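>>> Any chance you could fold what I've pasted below:
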Amino acid sequence: MTSIYFEDLSERYNCEIEDLRTDSEGKDVLNKRLLEKRQSFESLTPMLEEAPEMVASALHGAYKFNDRQILGRASNSVSGLEGFPSWAEIERTLDIAPWARPLIDLCLKEPDGEAFLVTSVVLEWMLTEDIRRPYAATESDDESDDDSEDLGDSGADWMSTQGFDDIER
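Have a look, this model is predicted:
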């Protein structure tokens, strides 16, 4: 189970990666777009706190994960609150691609850089491991088992109480 913080960011991060993946003709352009994002990374750093999923996509593919337990615990936490791991804790459990080091260094110069880096690692892990909240699927399953009145019937009943005749009558 993940925190609401990471659940929300994860959805947005996944959408961001998908948006980068293809062009208007349906061609796979993910690598080209990621390279462009990495080249303009410094201009993205003001968004570290406001839109971390937009900036984190530049680090897509940068990490190899060696300790899934710490990532699992991190995914249950919230940035800025107790229990959120430090960058140093997370970093020592990763293999980081050499091309990502200069981007990480830029982040570390920013006030929210360490928290952003932890967030980026967790988002990437959730994407690559396809981590989801266990109860997310069951909530939608429960809706399909709902015994409440059909929406169409409810609408027809409401219209009738408003003085409109049922079309089928």
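>>> Quick check: which element contains the closest residue to Val78 other than its chain neighbours?
Using C-beta to C-beta, 6 or more residues apart in numbering and skipping the chain neighbours, the partner closest in space to Val78 is Tyr5 (4.2 Å). Any C-beta I mention is one placed from the backbone N, CA and C, and that applies to glycine too. Per DSSP states H and E: Tyr5 is located in helix 4-21.
>>> Show me what that helix packs onto, helices and strands only.
If contacts are counted by 3 or more C-beta pairs under 8 Å, 6 or more residues apart in numbering; DSSP states H and E, helix 4-21 sits against helix 30-39, helix 52-56, helix 113-129.
>>> I'd like the ones you listed laid out as a markdown table, including distance to Glu82.
Below are the helices and strands packed on helix 4-21 laid out as a markdown table (distance: least, C-beta to C-beta, whole Å):
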| stretch | distance to Glu82 |
| --- | --- |
| helix 30-39 | 32 |
| helix 52-56 | 20 |
| helix 113-129 | 13 |
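>>> Among those helices, single out whichever gets nearest to Ala74.
Smallest distance to Ala74 across those (C-beta to C-beta): 5.0 Å, for helix 113-129.
>>> Mind listing what's buried along the closest one?
113-127 (16 or more other C-beta atoms under 10 Å).
>>> residue ranges with poor pLDDT in this protein?
Across the chain, the ranges flagged by pLDDT under 70 are 131-169.
>>> ok so, going back, Ser77: which of the helices and strands packed on helix 4-21 is closest?
Nearest of these to Ser77, taken as C-beta to C-beta: helix 113-129 at 8.7 Å.
>>> Nothing else from me, thank you.
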